[in-house]
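Colleague: When you get a sec, could you give me coordinates for this:
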Amino acid sequence: MTTLWNDAKRQAVRDTLLQFSRQGVAAFLDAHAGETFYAFAYDCNLEYGEVNLCLNTEQGFQTALGELQAMYAEYRDNADAIRQVRYNTGDWDCQCFDTVYVLNEEELAELSACLDEGNTDAWFAFLDDLAQVCRQALLAFTHTPEYERITKTDDFVCYVIDHEQDVADALATAIRHPNETQT
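Modeller: Numbering: from 1, shown residues only. Coordinates of the predicted model:
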């Protein structure tokens, strides 16, 4: 595909995400003292190298669910629909409270050139690898003082979800509190 996406770049992206997560979550928690969270996610748009930090509270979930239940019957008794709302970062109160781009425009242009060459397999392999790097950074983040500062529910979970990815697929690789990886 390209020599740009190599072990050194993977490590640089992991390091960038870890530092970004530590700083972003610390600042967020300073502004949201006393709140308890049930989930933390990297909400990604990997095609653009974008990673957003997201947290949600049970109260935020109940509010979003209540609004949907008032409008649509499927959210009243469909466990899958309710789970979708619970873990869909687009429905969260604290969605995208901080954003980082782990690849610059030149890097993205070089990496996406494979699409222009018709090499979609290489492009999707890169996106899968970038998602894995994000999961590695997230796992490293779970071993930091900033992660420990998050007041968590007993069922707290953190995960990486790409734009338009199915919630169930993202949760399949989630990290469960306290630092127990689900495979």
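Colleague: Pick out the residue closest to the middle of the chain.
Modeller: Y42 (1.7 Å; CA atoms, centre = their mean).
Colleague: State the helix or strand in which it lies.
Modeller: Using DSSP states H and E, Y42 maps to strand 37-45.
Colleague: what lines up beside that strand in the sheet?
Modeller: strand 50-57 (antiparallel), strand 152-162 (parallel) (DSSP bridges).
Colleague: quick one: which of those strands is nearest L111?
Modeller: Ranking the strands paired with strand 37-45 by proximity to L111 (CB to CB) places strand 50-57 first, at 13.8 Å. Using the backbone N, CA and C atoms, a C-beta is placed for each residue, glycine as well.
Colleague: Now the closest one: average pLDDT?
Modeller: Averaged over strand 50-57, pLDDT sits at 97.
Colleague: For that strand, buried residues please.
Modeller: 50-57 (16 or more other CB atoms under 10 Å).
Colleague: C-terminal to that strand, what's the next element?
Modeller: In N-to-C order, the element after strand 50-57 by DSSP H and E is helix 58-71.
Colleague: Identify all contacting residues around the helix or strand following that following helix.
Modeller: Going down the chain from helix 58-71, the next helix or strand is helix 74-77, by DSSP H and E. Contacts to helix 74-77, defined as CB atoms under 8 Å, 6 or more residues apart in numbering, come from residues 65, 68-69, 81-82, 85.
Colleague: of all the residues you listed, which comes closest to C96?
Modeller: The nearest member of those to C96, counting by CB to CB, is V85 at 17.0 Å.
Colleague: in a helix, that's where the closest one is, yeah?
Modeller: Yes. Per DSSP: H, G, I helix; E, B strand; the rest coil, V85 lies within a helix segment.
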